[in-house]
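Undergrad: A predicted structure for the sequence below; I have some questions about it.
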Amino acid sequence: MIRTLVFGLFLLLAATAPVQAVNELLPPFGFRWGDPPRRVEAVLSGAKAKIVERKQDGSRSIWTVEGLVHPGLQRTLFTFKNDKLIEVELQYEYPDWSIERYNEQMGTVRRYFDGKYGVGKLVSRSRDTDTDIVQTLVGYQWMVGTTLLELFYFSAEKPPHTFRTITVDYKAL
């Protein structure tokens, strides 16, 4: 009887205690912040993705990876500092898409992040027409716990050539 009473009291306290949400945004593909390069490389190898470039910049190592399967994903940049994963940048390109389709996709992704993490902060909205290449940059940020999430659209146009990309960048702070 006493066990039942104690258990019931415990359940009542647990049910009425304030719930603290865990505000942690993990990097994509099942990685965790601080993963060592050997773990990341093993997962990439298992996914049949290819590290096409490795750059060293002081204590930072940046890998360019191709072959991760996700619609429109052209490449992914993995950044390590002191042999710990600190950033993952996803770069999406859709060669056959119009600017309207890019705008629609950018809006869809932004609304998704807004709904999940609160309204993002507009950090960039520029259009440079000072040269014969017209460049446009639009970017938003969300702070989620100790992670900075960024969404950017970039285009460079010099008819008949156009380059457009959408990037989603996860950064451990």
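TA: It's in. All values derive from a computational prediction rather than experimental measurement. Numbers count the residues shown, from 1 in each chain.
Undergrad: Where do the helices of this protein begin and end?
TA: 2-16, 37-46, 99-117 (DSSP state H).
Undergrad: where does the shortest one sit relative to the chain's centre, distance-wise?
TA: When you say that, I think you mean helix 37-46. Helix 37-46 sits 18 Å away from the centroid of its parent chain (C-alpha atoms, centre = their mean, to the nearest Å).
Undergrad: Please apply the same query to the longest one.
TA: Relative to its chain's centre, helix 99-117 lies at 13 Å (C-alpha atoms, centre = their mean).
Undergrad: So Phe154 versus Pro36, what's the distance?
TA: Counting by C-beta to C-beta, to the nearest Å, the gap from Phe154 to Pro36 is 31 Å. For the C-beta atoms, the positions are set from N, CA and C on the backbone; glycine is no exception.
Undergrad: Compare those two (neighbour count), which wins?
TA: Using other C-beta atoms under 10 Å, the more surrounded residue of Phe154 and Pro36 is Phe154, with 17 against 12.
Undergrad: Is it correct that the more buried one is in contact with Leu137?
TA: Yes: with contacts defined as C-beta atoms under 8 Å, Phe154 counts as touching Leu137 at a distance of 5.3 Å.
Undergrad: Asp130: how many residues sit nearby?
TA: Asp130 has 7 neighbours, counted by other C-beta under 10 Å.
Undergrad: and what of the one 3 residues further on?
TA: Neighbour count of Ile133, defined by other C-beta under 10 Å: 13.
Undergrad: Likewise for the one 3 residues further on?
TA: By the measure other C-beta under 10 Å, the count of residues near Thr136 is 18.
Undergrad: likewise Arg75?
TA: Quick note: Arg75 (other C-beta under 10 Å) scores 19 neighbours.
Undergrad: where in the protein is pLDDT low?
TA: 1-23 (pLDDT under 70).
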